[in-house]
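Undergrad: from the sequence below, what's the structure:
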Amino acid sequence: MNDTPDALFILSSAYSKRFEAYLSKLCGSMPEKIPARLAEAMSYSLTAGGKRLRPALCMAVSERCGISPELVLPMAAAIEMIHTASLIHDDLPCMDDDGLRRGRPSNHVVFGEGMAVLAGDALMIWSFGHALSGLLSNGLTAHSAALAAACLSEASGPAGMCGGQALDIDSAGGDPGGDFVWRIAETKTAALIRASVLSGAILGGADERAVSCYDSYGTHLGLAFQIADDILDVTGSAQDLGKTPNKDSAQEKMTYVSSYGLDGARRFAERESLMAAESLSPLFPEGDLLIDLAVSLGGRSR
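TA: Now for the predicted structure:
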């Protein structure tokens, strides 16, 4: 049985009200120096909804490490800014060329390609300053704020999400190597999910053992999420996905399905989900929602 909607819903509902209220206030009070059209384009995509998995993970982990999730809202918002920026850019005609995102027209369809590029750039750059100033205002130490921001920067940059997108572009039309699809997933998707988990642990003051567990959890969870996403691209509908299905195969991009077949991809999704769950078992021997989420991602591929 596919339990993922329940697991994601429970995780999201535990934090979404506070996060959405924070995000709404943030978008409603953008600095006056931001040109109105740019601010509108940024807010359009940032407030478009979605699963909010990444900010929820940051808040959930910080809470499990002993601090109020409200204190890490600036980092949770920064993570969502970067994720949203990546979606804006991914949808551009020069990238994945998709006119649908989160169930409505993509940013460039509404605001034009130039403004969409700037909206993505602005969100990505603004995220770090917002995170640092907000975390310090909330009383977190400069050391922990800097470490969390550095973790997010590494996950977003050329060795992370941007590098993963570059590999994804190069994968079109061929198979450069057996492990290439794993390299794409580790950087393009898993890196930011891992950073969402790790930043919550860092800001929560987790010890070295706990950080190691969360590091492994975030990596395997991110891989399971990407594999399941590849599967849903060929099995889901536009209504279910909120974006155009079968885009990867149409563009001849390398995915887990194209590399290993549907059954093989499902086996890898289940394996990575189990490894993510096992990563947290030393911290939560009696179980936890984060473990349930990991296990359920294997079912998301069915």
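
Undergrad: where do the strands sit along the protein?
TA: If you assign secondary structure with DSSP state E, the strands in the chain sit at 100-101, 104-105.

Undergrad: pLDDT on the last one, on average?
TA: It stands for strand 104-105. In this model, strand 104-105 carries a mean pLDDT of 94.

Undergrad: how about the first one?
TA: Per-region confidence: strand 100-101 scores 92 on mean pLDDT.

Undergrad: in JSON lines: the strands of the chain, plus mean neighbour count and distance to Ala150.
TA: (Glycine included, C-beta is placed from N, CA and C.) Below are the strands of the chain laid out as JSON lines (neighbours: other C-beta atoms under 10 Å; distance: least, C-beta to C-beta, whole Å):
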{"stretch": "strand 100-101", "mean neighbour count": "20", "distance to Ala150": "29"}
{"stretch": "strand 104-105", "mean neighbour count": "14", "distance to Ala150": "34"}
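
Undergrad: go through the ones you listed and name the closest to Arg194.
TA: Taking C-beta to C-beta as the criterion, strand 100-101 is the member of these that comes nearest to Arg194, at 23.2 Å.

Undergrad: which residues does His220 contact?
TA: His220 makes contacts with Glu272, Ser273, Met275, Ala276, Ser279, Ala294, as judged by C-beta atoms under 8 Å, 6 or more residues apart in numbering.

Undergrad: tally of neighbours for the closest residue in space to it that isn't next to it in sequence?
TA: Spatial nearest neighbour of His220, chain neighbours left out: Ala276 (3.7 Å); criterion: C-beta to C-beta, 6 or more residues apart in numbering. Counted with other C-beta atoms under 10 Å, the neighbours of Ala276 add up to 28.

Undergrad: same deal with Leu293?
TA: Quick note: Leu293 (other C-beta under 10 Å) scores 28 neighbours.

Undergrad: wait, what's in contact with it?
TA: With C-beta under 8 Å, 6+ apart, Leu293 has these contacts: Ala7, Leu8, Leu11, Leu221.

Undergrad: ok, and the most crowded of these?
TA: Using other C-beta under 10 Å as the neighbour definition, the contacts of Leu293 reach their maximum at Leu221, which records 29 neighbours.
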